[in-house]
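K.L.:
coordinates only, no sequence provided:
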């Protein structure tokens, strides 16, 4: 049986002025039209903004590519599902009978959507500053880990270390094109790894820069899981 | 010669406490390390959130898929570049000599990035409520058009009308799979259009729902331009 939402909101440290908003946030579309999909749309955008803001402030020297990568690393389906599981969110979800039977309360996508919907509900109930405060609290540990992490390393180094950690072959970089006059050439490099079928293409004003660009695209691809 | 930033900020109805933030927002990466890439990262997320919030409130009956589509329609590289051009933003950009020569101030990507960076700068200078107010003003016309627009139409109808407007062949839907017991079957449909090489796959509990799902994915693909 689905547990009472009040218990969850207490565990999450939230008090809703409108408790029905919170119930909606916990309602999967399989229960009918009053579900959490719209709140999830809203919550997803709030989470993206709040994490962007925190990363911008926490890493004043990080380039845009690094910030994007850090955010993709923090905010993705599996990391959100992990946060949801820490609070046993699955026990409080309202699911249709089909989803219940097939164990939907354990699925990453459903857990991650519900967490985003809770953020959307919190925003409608109490505004953006409550969201900033709560997201800061919920993601505190993950943000802290980042600070001590190897975020400053360049993309090629990061990709290489990732492949080493997975005990896989190192990335392969091949120069596939050079265009332009001698003093303003553009280099195009292909980066291939055995984990991903399609290579990634990077361009730059030097071969090294093109390799870094290709490695960066590959890293983003790996983090986003596509 | 690049025009004075004060003239632009006045035209945009903005007064910066820290004018250097605004100058940074107008600085393309080709000018060096003090460029607008980090502010663009921040501004992009703020714009996504503020538009999500406005759509959520303006269309209380719209499903999540419709809200996503409306946002992708409002906020994309070419629509942002259009807004930038309305204020002659290109005249105020700070570009490196290579970009200047090749006409970077006319490029959609550079204009759109600078507009997002201005939003990021506004946030750092004055906080989120100023951003909400300004974005509301800048996008007022586009948001108004949406209200009167055919957003409520179902995805299949929208896709069909889009193809008719482009004088192209109508979408083709093919049932490619049916699984499950008779009373709980899942239908899989492929939607193909001549404009996009890869077909889109949709699933649903009826053939009609699967077709709508496939049409929706195709529409999103077309709007995002990939």
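P.N.:
On my side now, so go ahead. Quantities reported herein were computed from a predicted structural model and do not represent experimental measurements. Residues are numbered from 1 along each chain as shown, chains lettered A, B, ... in the order given.
K.L.:
show me which residues of chain A are close to chain B?
P.N.:
A:37-38, A:40-42, A:44-46, A:48-49, A:51-53, A:56, A:62-64, A:67-68, A:98, A:123, A:128, A:184 (C-beta under 8 Å from any C-beta of the partner chain). Using the backbone N, CA and C atoms, a C-beta is placed for each residue, glycine as well.
K.L.:
for chain A, give me the ranges with low pLDDT.
P.N.:
For chain A, residues meeting the criterion pLDDT under 70 lie at A:1, A:147-152, A:223-226.
K.L.:
from the rest of the structure, what touches stretch A:183-194?
P.N.:
Outside stretch A:183-194, the residues that touch it by C-beta atoms under 8 Å, 6 or more residues apart in numbering or on different chains are A:159, A:163, A:168-169, A:171-180, A:199-207, A:209-211, A:213-215, A:217-218, B:98.
K.L.:
oh, I was asking about stretch A:18-30
P.N.:
Under the criterion C-beta under 8 Å, 6+ apart, residues A:5-6, A:8-9, A:14, A:16, A:34-37, A:39, A:43, A:89, A:92-96, A:98-99, A:104, A:110, A:113-114, A:117-118, A:120-121, A:124-125 lie in contact with stretch A:18-30.
K.L.:
now, of those residues, which are buried?
P.N.:
Burial by neighbour count, judged by 16 or more other C-beta atoms under 10 Å in any protein chain shown, picks out A:5, A:8-9, A:14, A:16, A:35-37, A:39, A:43, A:89, A:92-95, A:99, A:104, A:110, A:113-114, A:117-118, A:120-121, A:124-125 from the contacts of stretch A:18-30.
K.L.:
buried ones only from the contacts of stretch A:183-194, please, as a PyMOL command.
P.N.:
A single PyMOL command selects the buried members of these (16+ other C-beta under 10 Å):
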select buried, chain A and resi 159+163+171+173+199+200+201+202+204+210+211+213+214+215+217+218
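K.L.:
all strands of chain A, in order?
P.N.:
Ranges of strands in chain A, per DSSP state E, are A:172-179, A:186-193, A:196-204.
K.L.:
would JSON lines of those with distance to residue B:29 be doable?
P.N.:
Listed next are those as JSON lines, based on distance: least, C-beta to C-beta, whole Å:
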{"stretch": "strand A:172-179", "distance to residue B:29": "20"}
{"stretch": "strand A:186-193", "distance to residue B:29": "15"}
{"stretch": "strand A:196-204", "distance to residue B:29": "12"}
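K.L.:
dump the residue contacts of residue A:52.
P.N.:
A:67, A:71, B:41, B:42, B:44, B:45, B:46.
K.L.:
residues of the longest helix seen in chain A that come out buried?
P.N.:
Ordering each helix of chain A by length in residues (DSSP state H) puts helix A:37-58 first. Going by neighbour count (16+ other C-beta under 10 Å), the buried part of helix A:37-58 is A:37-56.
K.L.:
how's chain A carved up into domains?
P.N.:
For chain A, the structural domains run A:5-147, A:155-224, going by automatic domain parsing.
K.L.:
what about the longest one, distance to the chain center?
P.N.:
Just to be clear, that refers to domain A:5-147. Chain-centre distance of domain A:5-147: 11 Å, with C-alpha atoms, centre = their mean, to the nearest Å.
K.L.:
got it, and the last one?
P.N.:
A distance of 22 Å separates the C-alpha centroid of domain A:155-224 from that of its chain, computed with C-alpha atoms, centre = their mean.
K.L.:
residue A:51 against residue A:73, yeah?
P.N.:
No. Counting by C-beta atoms under 8 Å, residue A:51 does not reach residue A:73; the two are 10.2 Å apart.
K.L.:
residue A:160 and residue B:123: what is the separation?
P.N.:
Computed with C-beta to C-beta, to the nearest Å, the distance linking residue A:160 and residue B:123 is 36 Å.
K.L.:
of the two, who's got more company?
P.N.:
More neighbours surround residue B:123 than the other of residue A:160 and residue B:123, with 24 against 16 (other C-beta atoms under 10 Å in any protein chain shown).
K.L.:
what's the more buried one in contact with, if anything?
P.N.:
A:53, B:42, B:43, B:46, B:130, B:131 are the contacts of residue B:123 under C-beta under 8 Å, 6+ apart.
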